[in-house]
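>>> Give the three-dimensional model of this entry:
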Amino acid sequence: MKWQIFNKDGAVIFETNNLTYSGEWMGDEFVTTNIESAAPIDFTIGDYVVYRDERFYLNVIPTAKKGARRASNQGAFVYEGVKFYSSDVEMLNDPDL
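Next comes the predicted model:
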């Protein structure tokens, strides 16, 4: 299955085949993925992925590692452990709510 990663405006910025859900009852819920891309991805806070009809948001911008061999562009930029949090995490972390 493929999941699309969207920017704040709803435009698709990447598709991934691997997504892992982690969550506890009354605890943090998040999904993670590893991404390999031929070009850098311009991630921003608020990018999101939809998993099980729920939006999970990026709140830390991932950094890329160079992963390609010389004269190859496949997997040139590797983002490991990209984590998208449930919107519930924002409510738990916001002291004004």
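>>> Going by residue numbers, what spans are strands in the chain?
For the chain, applying DSSP state E gives strands covering 3-6, 12-16, 20-23, 29-37, 48-51, 54-58, 65-66, 77-86.
>>> Pipe those strands into JSON lines and attach mean neighbour count and mean pLDDT per row.
C-beta coordinates here come from the backbone N, C-alpha and C atoms, glycine included. As requested, the strands of the chain are exported to JSON lines (neighbours: other C-beta atoms under 10 Å; pLDDT from 0 to 100):
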{"stretch": "strand 3-6", "mean neighbour count": "17", "mean pLDDT": "97"}
{"stretch": "strand 12-16", "mean neighbour count": "14", "mean pLDDT": "95"}
{"stretch": "strand 20-23", "mean neighbour count": "12", "mean pLDDT": "93"}
{"stretch": "strand 29-37", "mean neighbour count": "18", "mean pLDDT": "94"}
{"stretch": "strand 48-51", "mean neighbour count": "18", "mean pLDDT": "96"}
{"stretch": "strand 54-58", "mean neighbour count": "18", "mean pLDDT": "95"}
{"stretch": "strand 65-66", "mean neighbour count": "10", "mean pLDDT": "83"}
{"stretch": "strand 77-86", "mean neighbour count": "18", "mean pLDDT": "94"}
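>>> Residue 37 touches residue 15, doesn't it?
No: between residue 37 and residue 15 there is no contact under C-beta atoms under 8 Å: 10.5 Å.
>>> Just list the residues touching residue 44, thanks.
The contact partners of residue 44, by C-beta atoms under 8 Å, 6 or more residues apart in numbering, come to 7, 8, 58, 61.
>>> The last one: how many residues sit nearby?
The reference is to residue 61. Neighbour count for residue 61, taken as other C-beta atoms under 10 Å: 12.
>>> for the closest residue to it other than its chain neighbours, phi and psi?
Excluding the flanking residues, the one nearest residue 61 by C-beta to C-beta, 6 or more residues apart in numbering is residue 43, at 5.1 Å. In terms of degrees, to the nearest 10, the main-chain angles of residue 43 are phi -70, psi 150.
>>> same deal with the one 3 residues further on?
When read as degrees, to the nearest 10, the backbone of residue 46 gives phi 100, psi -10.
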